[in-house]
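Visitor: Predicted structure and sequence below. I'll ask about it afterward.
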Amino acid sequence: MIFESHAHYDDKKFDRDREELLASLSGKGIGKVINVGASIESTKTTLALARKYDFIYAAVGVHPSDVGGLNEQTFAWLKEQTAWEKTVAVGEIGLDYYWEKEAQAQEKQRYWFRRQLQLAKETELPVIIHSRDAAADTVQVMRDAGAKTIPGVIHCYAYSPELAQEFIGMGYYIGVGGVITFKNARKLIETVKVVPLERILLETDCPYMAPEPHRGTRNDSTNIPYIIEKIAEIKQVSAEQVETVTWENACSLFFGTFRPEK
């Protein structure tokens, strides 16, 4: 079975056929899904999906581009949601300087990244970290927060193989999605070559980032076999081994040492 570690099935792009699609996943080998919050509102819809479907679990958190929705009141609400048994992570959280260039706005991102890392530490939940064009600051905030004591995954990894090794040294997993199938994915391919399979998680970030041969279309978890095949090719192992090991990895991170399996 496949463990989808990062999806956004509450996205409006799934409004027309969400129930039909989700009902079909188990028959296509998708065993578990982490639906990931990116704002206060999408955290609410994520929780609703996890309540409705046994195989969907919730990550609660606010993406760096949406930290404008965070204040002490909304943060207190977010903390309350971590107590639910199907909340298995704090995320997605982190830094994104691609869209935000102003120093003050970047400092606000760092502030709420620190706060959400601390929330994960206090509640003994893993984190799902988003980092774009912010490698140095991401590492620094993580170090300052004591990241080695907060398990997690670097979602949609896009940095160098060398930095991946640094994240692995902190105890983190590397999230690999559809980008690995792209023709311009040389850096990610080199990363997957050096990262142990035991440190890789499968993800789609759907409805975004569909792999080849469906690039540019709406993504969903049924495209993960393309990702598995590419990782297997790079690592020179069987697709079955990739599927099995990544399943074990995700179960260990989300249902393992820090929280019992739900």
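Guide: Structure received. Numbers count the residues shown, from 1 in each chain.
Visitor: Find the nearest non-adjacent residue to Val33, please.
Guide: Spatial nearest neighbour of Val33, chain neighbours left out: Glu4 (4.4 Å); criterion: Cβ to Cβ, 6 or more residues apart in numbering. To be clear about C-beta, it is placed using only N, CA and C from the backbone, and glycine gets the same treatment.
Visitor: Surely the one you found and Thr204 touch.
Guide: Yes: the criterion here is Cβ atoms under 8 Å, and Glu4 meets it with Thr204 at 6.3 Å.
Visitor: just so I have it, where are all the helices in the stretch 101-250 of the chain?
Guide: 103-123, 135-144, 161-169, 186-194, 224-235, 239-255 (DSSP state H, counting those that start in this stretch).
Visitor: quick one: which of these is nearest Ser65?
Guide: Ranking the helices of the stretch 101-250 of the chain by proximity to Ser65 (Cβ to Cβ) places helix 103-123 first, at 8.3 Å.
Visitor: Run the chain-centre distance for that closest one.
Guide: In this view, helix 103-123 has its centroid 17 Å away from the chain centroid, taken as Cα atoms, centre = their mean, to the nearest Å.
Visitor: do the same with stretch 118-138
Guide: 11 Å.
Visitor: now for it, what's the gap between its first and last residues?
Guide: For stretch 118-138, the first-to-last residue distance is 14 Å (Cα to Cα, to the nearest Å).
Visitor: Could I get the buried residue list for that stretch?
Guide: Residues of stretch 118-138 classed as buried by neighbour count (16 or more other Cβ atoms under 10 Å): 119-121, 123, 125-132, 134-135, 137-138.
Visitor: What of stretch 239-258?
Guide: Judged by neighbour count (16+ other Cβ under 10 Å), stretch 239-258 contains these buried residues: 242-243, 245-247, 249-250, 253-255, 258.
Visitor: In CSV, list the residues you listed along with distance to Gly216.
Guide: Below are the buried residues of stretch 239-258 laid out as CSV (distance: Cβ to Cβ, whole Å):
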residue, distance to Gly216
Val242, 25
Glu243, 26
Val245, 30
Thr246, 25
Trp247, 28
Asn249, 29
Ala250, 27
Leu253, 30
Phe254, 30
Phe255, 34
Phe258, 38
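Visitor: Can you tell me which of those residues is nearest Glu80?
Guide: Distances from Glu80 to these, taken as Cβ to Cβ, are shortest for Phe258 (18.8 Å).
Visitor: pretty sure Ile231 is in contact with Ile180, am I right?
Guide: Yes: assessed by Cβ under 8 Å, Ile231 is found in contact with Ile180 at 6.6 Å.
Visitor: Tell me which helix or strand the residue nearest to Val33 sits in.
Guide: Here Glu4 sits within strand 2-7, counting by DSSP states H and E.
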